[in-house]
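1. This is a predicted model, with the sequence first.
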Amino acid sequence: MSKTNTESRAGMIRTMFAASDTGNIDGLLSFLTDDVVLVFGNAAAVRGKAAVEAQARQVTSRLKGVRHEIHDIWHAGNNADIVIARMTVHYARLDASTVSLPCCNIFRLSGDLIADYRIYMDVSPVFA
């Protein structure tokens, strides 16, 4: 695995979160394959860009904003196509309060796009 390849994958993940944090759902979707699979916590898998878009729009309509504070990005072993991001996600709620939660995401890439996106976090405090 080349250092350039791993750095570019980490940069791609950072850029994707930057788009997400500005509410740019189309920008977020541009990092996903058409047949992407997204699993958020213990929810059922969401399949395809259209389904991910619908879920993203539904979630963002219930929030003022989201900010991903990335602590670490690394790869699984020598596989540059598996990227792991550890972060704190800050949710600005409609009642003006903020909830910050630990999170770990695992991405499996196909070419230069995310084909499998797993979010490991309990988001229930945000909507409690």
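-> Ah, there it is.
2. If you count contacts, what does the worst-scoring helix or strand of the chain on mean pLDDT end up packed against?
-> Taking all helices and strands of the chain together, the one with the lowest average confidence (mean pLDDT, DSSP states H and E) is helix 3-21, at a mean of 84. Taking 3 or more CB pairs under 8 Å, 6 or more residues apart in numbering; DSSP states H and E as contact, the helices and strands that helix 3-21 lies on are helix 25-29, strand 63-76, strand 79-93. Heads up, the C-betas are built off the backbone N, CA and C, glycines and all.
3. so where's the chain shaky on pLDDT?
-> Using pLDDT under 70 as the threshold, the predicted model of the chain has low-confidence ranges 1-6.
4. rerun at 50
-> 1-4 (pLDDT under 50).
5. List the contacts of residue 23.
-> 60, 65 (CB atoms under 8 Å, 6 or more residues apart in numbering).
6. State the distance from it to residue 10.
-> 23 Å (CB to CB, to the nearest Å).
7. swap in residue 52?
-> Looking at residue 52 against residue 10, where the rule is CB to CB, the gap reads 22 Å.
8. So for the two, which sits in the more crowded spot?
-> Set side by side, residue 52 and residue 10 show unequal neighbour counts under other CB atoms under 10 Å, the larger going to residue 52 at 21 against 18.
9. Spit out the contact partners of the more buried one.
-> Counting by CB under 8 Å, 6+ apart, residue 52 makes contact with 29, 32, 36, 38, 46.
10. Repeat the analysis, applying 6 Å as the threshold.
-> With contacts defined as CB atoms under 6 Å, 6 or more residues apart in numbering, the neighbours of residue 52 are 38, 46.
11. still on that earlier bit, tell me which of the helices and strands packed on helix 3-21 is the most buried.
-> Burial among these, expressed as mean neighbours by mean count of other CB atoms under 10 Å, is greatest for strand 79-93, which shows a mean of 17.
12. can I get the helices and strands packed on helix 3-21 in JSON lines with distance to residue 125?
-> Output for the helices and strands packed on helix 3-21, formatted as JSON lines (distance: least, CB to CB, whole Å):
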{"stretch": "helix 25-29", "distance to residue 125": "23"}
{"stretch": "strand 63-76", "distance to residue 125": "13"}
{"stretch": "strand 79-93", "distance to residue 125": "9"}
